[in-house]
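Chemist: got a sequence here, can you model it:
(chains A and B)
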Amino acid sequence: GIQVEQSPPDLILQEGANSTLRCNFSDSVNNLQWFHQNPWGQLINLFYIPSGTKQNGRLSATTVATERYSLLYISSSQTTDSGVYFCAVGNSGGYQKVTFGTGTKLQVIP
Amino acid sequence: EPEVTQTPSHQVTQMGQEVILRCVPISNHLYFYWYRQILGQKVEFLVSFYNNEISEKSEIFDDQFSVERPDGSNFTLKIRSTKLEDSAMYFCASSLSLQQWRYEQYFGPGTRLTVT
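Modeler: Here you go, the predicted structure:
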């Protein structure tokens, strides 16, 4: 099956700093999603981005499908950004599962 | 915005008991999924369901697990005889409407299952 690797595994930021999280995948995909898992365990859908670039407030994401990676940018980080960020990809037809990466655990300190 | 809902949010059960986790997917979606996440680990696929039958399942989804869509709105995961290692967060997801041909999966808030 498809392999998904995320880096870095852990990240500590000062409030206000910027960061880039990376997701590498081993095969072509037709689904790529970024999630933020909050302290209550809920998966918050950040982006559906199988290709191209999207922005939502302080967050943006870019997927370069031909080179099999995606980047999540967090600008002007806030303590509420803390949590685990997961990338999940899918590459089969209609009833496709997604495969999650191991996540990046982000801690933003005041 | 439509969302996937799950009940209960937290379930505590004794080893060997049966549990049923419930989900209401987004109403016009066609595909339904269960995933689980053991504490501190990544989210793992369990099973996908389409047109009233299982379309794919992982090696985790053994004979102790079953899924059902008993009516037009609910989607359930049953664990027949729970083990300690079944303790995890269980996520339901749904995807793909004919009106919007996107593969994006929408996840529910999860049910935290604790087996004692």
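
Chemist: who in chain B is up against chain A?
Modeler: B:30-31, B:33, B:35, B:37, B:42-45, B:48-50, B:55-56, B:58, B:89, B:91, B:96, B:102-107, B:109-110, B:112 (C-beta under 8 Å from any C-beta of the partner chain). To be clear about C-beta, it is placed using only N, CA and C from the backbone, and glycine gets the same treatment.

Chemist: residue B:105: what's it in contact with?
Modeler: A:31, A:33, A:88, A:90, A:98, B:33, B:93-95 (C-beta atoms under 8 Å, 6 or more residues apart in numbering or on different chains).

Chemist: what bridges to it?
Modeler: The residues listed as beta-bridge partners of residue B:105 by DSSP bridges are residue B:95.

Chemist: ditto for residue A:104
Modeler: Beta-bridge partners, per DSSP bridges, of residue A:104: residue A:85.

Chemist: returning to what we had before: report the two of the contacts of residue B:105 separated the most.
Modeler: Taking C-beta to C-beta, the two most distant members of these are A:88 and B:94; they sit 14.6 Å apart.

Chemist: pLDDT below threshold where in chain B?
Modeler: Per-residue confidence for chain B (pLDDT under 70) gives these ranges: B:97-101.

Chemist: which residue is nearest the middle of it?
Modeler: By C-alpha atoms, centre = their mean, chain B has its centre lying nearest to residue B:34, at 3.0 Å.

Chemist: what would the contacts of residue B:105 look like in CSV with secondary structure?
Modeler: Below are the contacts of residue B:105 laid out as CSV (DSSP: H, G, I helix; E, B strand; the rest coil):
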residue, secondary structure
A:31, strand
A:33, strand
A:88, strand
A:90, strand
A:98, coil
B:33, strand
B:93, strand
B:94, strand
B:95, strand
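
Chemist: since that was my last question, I'll sign off now.
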